[in-house]
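A.B. asks: Got a predicted model here, sequence first, then my questions.
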Amino acid sequence: MLTANYDTLGVKPGDLVLDLGCGFGRHAYEFARRGASIVALDAGADEVFQVRNTFGAMAEAGEIESTSGVAAVQGDALHLPFPDGTFDRVICSEVLEHIPDDEAAMAELSRVLSPNGTMAITVPRFGPELVNWALSEEYYDVPGGHVRLYRRSILFDRLRAAGLEPFASHHAHGLHSPYWWLKCAVGPTNDENRAVKAYHKLLVWDIVKGPRTTRVAEKILAPVMGKSFVVYLRKAPQTSKVEVAA
């Protein structure tokens, strides 16, 4: 289940890509399949371990040529261990809402992006997320949970302050918002609820099979109530200072 559009991001074979907050690797695997060299970084040791193992399994299955162009590392979003301008593409999906000092994380993302590179940032959309917060305190008030809601204007202001300029945006996962509203209504950890189990089965069917029915529904629902907001960015042009002799 991909949140970002790789064509909008401009991914090409041979690109060097950073997936910050990779989780269990859903975006990183697609970059590797497209021939990019990918560094998947996460704060969690379990996530990094699984991503490394999956890269190995993909190489054995012939999904990717080898593991020489892929890596999974544990790291801190506020102190990325890479030189300035390292990456052609950067993705940070559903991460910034978890980080108290999101502006410092944005500055690091901007720092490691190459001058001609592109970046995709995804965060929970304000409206659907507000419903989740209203329905359940347990949804966000947990260790490592969400610490803020993003309005589009605030997100753009902070990204621009970090030296990034948006050039495209869209919403994604319209089918997922009602699922999370339902989960929050019955309790986010109540996975045995019949309605929750039935809806989860529908989402798995959609992800695995991609039937036309759900694809059409997703296309209609995403702009209206997509759970994620996706923005694509480039580095803002640097303005040079000209000294005038007295």
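C.D. replies: In hand now; what should we look at?

A.B. asks: The nearest residue to Leu233 once chain neighbours are set aside: what's it in contact with?
C.D. replies: Leaving aside its sequence neighbours, Leu233 sits nearest to Leu164 (CB to CB, 6 or more residues apart in numbering; 4.2 Å). To be clear about C-beta, it is placed using only N, CA and C from the backbone, and glycine gets the same treatment. By CB atoms under 8 Å, 6 or more residues apart in numbering, the residues touching Leu164 are Met106, Leu109, Ser110, Leu113, Met119, Leu233, Arg234, Lys235, Ala236.

A.B. asks: now swap in Ala161 and tell me
C.D. replies: If you count contacts by CB under 8 Å, 6+ apart, Ala161 has them with Glu103, Met106.

A.B. asks: before we move on, what about the one 4 residues further on?
C.D. replies: Residues near Glu165 by CB under 8 Å, 6+ apart: Leu233, Arg234, Lys235, Ala236, Pro237.

A.B. asks: I'd like the average pLDDT over the helix or strand in which it is found.
C.D. replies: For Glu165, the host element (DSSP states H and E) is strand 164-172. For strand 164-172, the mean pLDDT works out to 97.

A.B. asks: Can you show me the helices along this protein?
C.D. replies: Ranges of helices in the chain, per DSSP state H, are 6-9, 26-33, 45-61, 102-112, 126-135, 152-161, 176-186, 194-209, 212-225.

A.B. asks: any chance of those helices in TSV, plus mean pLDDT and distance to Gly144?
C.D. replies: Output for the helices of the chain, formatted as TSV (pLDDT from 0 to 100; distance: least, CB to CB, whole Å):
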stretch	mean pLDDT	distance to Gly144
helix 6-9	97	27
helix 26-33	96	19
helix 45-61	96	12
helix 102-112	98	14
helix 126-135	96	16
helix 152-161	97	20
helix 176-186	96	17
helix 194-209	94	22
helix 212-225	94	26
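
A.B. asks: right, so these: which one is the most enclosed?
C.D. replies: helix 26-33 (a mean of 21; mean count of other CB atoms under 10 Å).

A.B. asks: can you give me the angle that one makes with helix 45-61?
C.D. replies: Orientation note: helix 26-33 sits at an angle of 30 degrees relative to helix 45-61 (axes from the mean of the first three to the mean of the last three CA atoms, to 10 degrees).

A.B. asks: Find the centremost residue of this structure, please.
C.D. replies: In the chain, the C-alpha nearest the mean C-alpha coordinate belongs to Ser93, at 1.1 Å (CA atoms, centre = their mean).

A.B. asks: tell me the contacts of the closest residue in space to that one that isn't next to it in sequence?
C.D. replies: In this structure, Ser93 finds its nearest non-sequential neighbour in Thr122, 4.4 Å apart by CB to CB, 6+ apart. The neighbourhood of Thr122, defined by CB under 8 Å, 6+ apart, consists of Thr3, Ala4, Ile91, Cys92, Ser93, Glu94, Ala172, Ser228, Phe229, Val230, Val231.

A.B. asks: His170: neighbour count?
C.D. replies: By other CB atoms under 10 Å, the residues close to His170 number 17.

A.B. asks: Likewise for Asn5?
C.D. replies: Neighbours around Asn5, by other CB under 10 Å: 15.

A.B. asks: looking at it, it is touching His170, isn't it?
C.D. replies: Yes - in this structure, Asn5 is within contact of His170 by CB atoms under 8 Å, at 7.4 Å.

A.B. asks: got any residues that touch both of those two?
C.D. replies: In contact with both Asn5 and His170: Val230, using CB under 8 Å, 6+ apart.

A.B. asks: Quick one: residues contacting Asp206.
C.D. replies: Going by CB under 8 Å, 6+ apart, Asp206 touches Leu175, Thr214, Arg215, Glu218.

A.B. asks: returning to what we had before: for the residue nearest to Ser93, list each beta-bridge partner.
C.D. replies: Here Thr122 sits in beta bridges with Ser93, Val230, going by DSSP bridges.
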